[in-house]
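Novice: the sequence isn't on hand, but the structure is:
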């Protein structure tokens, strides 16, 4: 596993999403479920396998990142039970989380934790069968984010291991306790998919932004995805924002600009969303959100002093007439005051209707349009 970057990682990756209904965790009397296959032995541990990367995220099919390192890896085998003759010397826990920055930009990452020690208790815990749900099974309405678990032998061969589960489909605590007894000897982050390119990252631009007209309804920042700060995967869905307030650009003495090419419009197809468990479901509830039009980052620049001097008058420009011309490119301008970026950007349509959007759809100064299109 190459490109290793040390990080911190917490073993117990359990996220509680909803309220507690009632308890159940491997209750006595429930029959053991059958059908767990024996784990397949492969050449080595692979936490970057393409079938492991996005099960916990919600991504629309076809919305592929710019670069995908997982495409060069084979799919990981199905998880299974550890055969009696397999002798592990290391356990690997793989959790899709965080990000890695390099010369290409910011990558979504998988955190890989290595543990070694006495594997007797872990092998005993993994040998336990999963419980089968009983009639009218009552369970807690919470969800576990469970790491992929690999075991490696002395020759480097490995297998993807199944976690024994309770009657409610939760992992049995004995496995967690056995893993916690092992010594954590290494923690690394490995890149998966490129979320933000280096030019966008350096310029403080997001990779995807809503088209200018939509900013009046949702707010500019509400329609941005793949943010450049925080954990990759945050804000992957647009969120409606309150109507924009009238902003003063007095004293603006500079501005950075992010340019976007409008993505082709696509028709929404039901059943093309993937939930946290990897299952597809209808997108009817998100239909209006999924029909929004976005632009993909193209390039960035810094406005000249003369062009930046036109921005203070932007918010008081004349209202733009009604227009339905097709848009293919737009710019998001981030004004600066005394070297500090303001929190209220200006969006400008570079073709089509060629409107400026601040607190409303306005007519931009011709010199500003010329500077942006130059």
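Specialist: Ah, there it is. Treat the numbers as computed from the prediction; the structure is a model and nothing was measured. Numbering: from 1, shown residues only.

Novice: which helix or strand in this structure has the lowest average pLDDT?
Specialist: strand 14-15 (a mean of 35; mean pLDDT, DSSP states H and E).

Novice: show the subsequent helix or strand relative to that strand.
Specialist: The helix or strand immediately downstream of strand 14-15 is strand 67-68, counting by DSSP states H and E.

Novice: which secondary structure elements does that following strand contact?
Specialist: Using 3 or more C-beta pairs under 8 Å, 6 or more residues apart in numbering; DSSP states H and E as the contact test, the elements touching strand 67-68 are strand 183-197. (C-beta placed from N, C-alpha, C; glycine too.)

Novice: for the record, mean pLDDT for the strand it packs on?
Specialist: The predicted model assigns strand 183-197 a mean pLDDT of 93.

Novice: likewise stretch 160-170?
Specialist: 91.

Novice: so how far is the first residue of that stretch from its last?
Specialist: This stretch, stretch 160-170, spans 18 Å end to end (C-alpha to C-alpha, to the nearest Å).

Novice: make residue 1 into 31 and carry on from there
Specialist: Taking 31 as the first residue, the last one we looked at is stretch 190-200.

Novice: run the chain-centre distance for it.
Specialist: 25 Å (C-alpha atoms, centre = their mean, to the nearest Å).

Novice: and the contacts of it?
Specialist: With C-beta atoms under 8 Å, 6 or more residues apart in numbering as the test, stretch 190-200 has contacts from 54-57, 60, 63, 66, 69-70, 72, 106-112, 155-156, 158-164, 167, 169-170, 174, 176, 178-181, 201-202, 204-205.

Novice: just the buried subset of those residues, written out for PyMOL, thanks.
Specialist: In PyMOL, a selection of the buried entries from those looks like this (16 or more other C-beta atoms under 10 Å):
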select buried, resi 54+56+60+66+69+72+106+107+109+111+112+155+156+160+161+163+169+170+174+176+178+179+180+181+201+202+204+205
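
Novice: got a list of what the closest residue in space to residue 343 that isn't next to it in sequence touches?
Specialist: Leaving out its chain neighbours, the residue that sits closest to residue 343 by C-beta to C-beta, 6 or more residues apart in numbering is residue 395, at 7.0 Å. With contact set as C-beta under 8 Å, 6+ apart, residue 395 has these partners: 340, 343, 344, 347.

Novice: likewise for residue 134?
Specialist: Neighbours of residue 134 in contact, by C-beta under 8 Å, 6+ apart: 97, 224, 227, 228.

Novice: now do 10 Å
Specialist: Contacts for residue 134 (C-beta atoms under 10 Å, 6 or more residues apart in numbering) come out as 96, 97, 221, 224, 226, 227, 228, 231.

Novice: likewise for residue 288?
Specialist: Counted by C-beta under 10 Å, 6+ apart, residue 288 has contacts 229-230, 233-237, 239, 254, 325, 327-331, 360-364, 375, 377.

Novice: swap the cut-off to 7 Å and go again
Specialist: Shown in contact with residue 288 (C-beta atoms under 7 Å, 6 or more residues apart in numbering): 233, 235, 327, 330, 361, 362.

Novice: skipping adjacent residues, who's closest to the last one in space?
Specialist: Closest residue to residue 362 in three dimensions, ignoring its sequence neighbours and counting by C-beta to C-beta, 6+ apart: residue 288, at 4.6 Å.
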